[in-house]
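> I need the structure of the sequence given here:
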Amino acid sequence: MIRIENVSLKHGAASILYDISLDIPKGGITALIGPNGAGKSSLLSLIARLQPLQSGKISIDGFPVDKTPNRDLAKIIAILRQDSIVTSRLRVRELVGFGRFPHGRGRLTSEDHAVIGQSLQQFDLTDLADRFLETLSGGQRQRALVAMAFAQGTDYLLLDEPLNNLDMYFSRELMRSLRAIADDAGKTVVIVLHDINQAAAHADRIVAMKAGRIIADGTPAELLTSETLQRIFSFDMPVITIDGTPVVMHFR
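Residues are numbered from 1 along each chain as shown. All right, here's what the predicted structure looks like:
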């Protein structure tokens with residue numbers, strides 16, 4: 001379980017997060033939603049220790065993130081940042097292989113190669129494995145970065161807007177892959193999404209943030225109502241239900 005207790009964050013004089021307390025259970029998919037500037041990415045970066053805690057506590061399976069050694073933390077949690085950029089001339093297989101670095105410090109074993117192959121297959125990259133990254137589309141590179149995070153072999157996978165640059169088909173396929181690894185491999189996926197309907201279709205739980213605070217938390221059916229969405233996004237959105245899944249008509 002990820003336990004967040006009374007976490008606040010400031011950048012200079014600007015307050016980003018206000019006294020956040022949240023438990024994210026182990027297993028399944030938890031989606032963080034909310035308008036730009038809500039604090040979703042900042043919260044994810046604190047969980048992954050990409051920036052230091054200023055106040056409060058965060059622990060993962062009982063390990064405090066601010067005190068656990070980097071190498072040990074990297075075997076518990078993997079993160080794909082929104083601004084991940086790779087500038088080196090790498091093939092897809094090599095990039096995905098970087099996910100195994102916490103385990104062998106760059107000395108790949110037969111087990112590592114098997115995990116890399118599984119990751120390539122999981123995210124539909126096998127045919128692209130020997131392509132250089134600069135020859136790929138933005139969406140293909142994005143899938144390769146997700147595969148690298150998955151290859152790290154952690155129980156927890158944090159993804160910050162991984163649907164960026166993906167078309168409708170690959171957005172759906174990525175979310176289906178994440179649903180499969182949560183269900184079949186027992187992974188815990190915490191994902192920042194702007195596509196509410198992807199969250200509705202694939203997440204077990206949605207946590208809504210606005211202006212640095214959590215303002216709603218529940219299952220898609222519980223949270224995705226017109227009234228709650230008005231509180232989150234400040235405009236009216238009809239919601240219909242199709243085969244038991246809420247669908248937000250945000251374009252109307």
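
> Point to the residue nearest the middle of this protein.
What sits nearest the mean C-alpha location of the chain, by CA atoms, centre = their mean, is residue 159, with 1.9 Å.

> Surely that residue touches residue 149?
Yes: with contacts counted by CB atoms under 8 Å, residue 159 reaches residue 149, the gap being 7.1 Å. From N, CA and C alone the C-beta is placed, and that goes for glycine too.

> what residues are shared contacts of those two?
Any residue near both residue 159 and residue 149 by CB atoms under 8 Å, 6 or more residues apart in numbering counts here, and that gives 79, 80.

> which residues in the stretch 51-200 of the chain form helices?
70-73, 92-97, 101-104, 110-122, 138-151, 168-184, 196-202 (DSSP state H, counting those that start in this stretch).

> got the ones you listed as CSV, with mean pLDDT and distance to residue 250 columns?
Shown next, in CSV, are the helices of the stretch 51-200 of the chain (pLDDT from 0 to 100; distance: least, CB to CB, whole Å):
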stretch, mean pLDDT, distance to residue 250
helix 70-73, 89, 37
helix 92-97, 94, 34
helix 101-104, 81, 39
helix 110-122, 92, 30
helix 138-151, 90, 22
helix 168-184, 92, 15
helix 196-202, 96, 7
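
> So for residue 39, which of the ones you listed sits nearest?
Residue 39 lies closest, by CB to CB, to one member of these: helix 196-202, at 17.0 Å.

> Mind listing residues that contact the closest one?
With CB under 8 Å, 6+ apart, helix 196-202 has contacts from 29, 31, 33, 163, 171-172, 175-176, 178-179, 193, 206, 220, 224, 229, 245-248, 250.

> shaky segments in the stretch 1-150 of the chain?
83-87 (pLDDT under 70).

> Run through the strands of it in chain order.
Ranges of strands in the stretch 1-150 of the chain, per DSSP state E, counting those that start in this stretch, are 2-11, 14-24, 28-33, 57-60, 63-64, 77-80.

> Please state the offset of the shortest one from the chain centre?
So that's strand 63-64. 20 Å (CA atoms, centre = their mean, to the nearest Å).

> ditto for the last one
For strand 77-80, the gap between its own C-alpha mean and the chain's C-alpha mean amounts to 8 Å (CA atoms, centre = their mean).

> Quick check: can you name the pairing partners of that strand and their directions?
strand 156-160 (parallel) (DSSP bridges).

> what's the distance between the partner strand and the middle of its chain?
3 Å.

> which outside residues touch that strand?
Residues contacting strand 156-160 (CB under 8 Å, 6+ apart): 2, 40-41, 44, 47-48, 60, 76-82, 146, 149-150, 178, 181, 187-192.

> Try it again at 7 Å.
2, 41, 44, 47-48, 60, 76-82, 146, 149-150, 187-192 (CB atoms under 7 Å, 6 or more residues apart in numbering).

> circling back: need the strands of the stretch 1-150 of the chain in CSV (columns: mean neighbour count and distance to residue 138).
As requested, the strands of the stretch 1-150 of the chain are arranged in CSV below (neighbours: other CB atoms under 10 Å; distance: least, CB to CB, whole Å):
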stretch, mean neighbour count, distance to residue 138
strand 2-11, 16, 28
strand 14-24, 16, 28
strand 28-33, 24, 22
strand 57-60, 19, 31
strand 63-64, 14, 35
strand 77-80, 23, 14
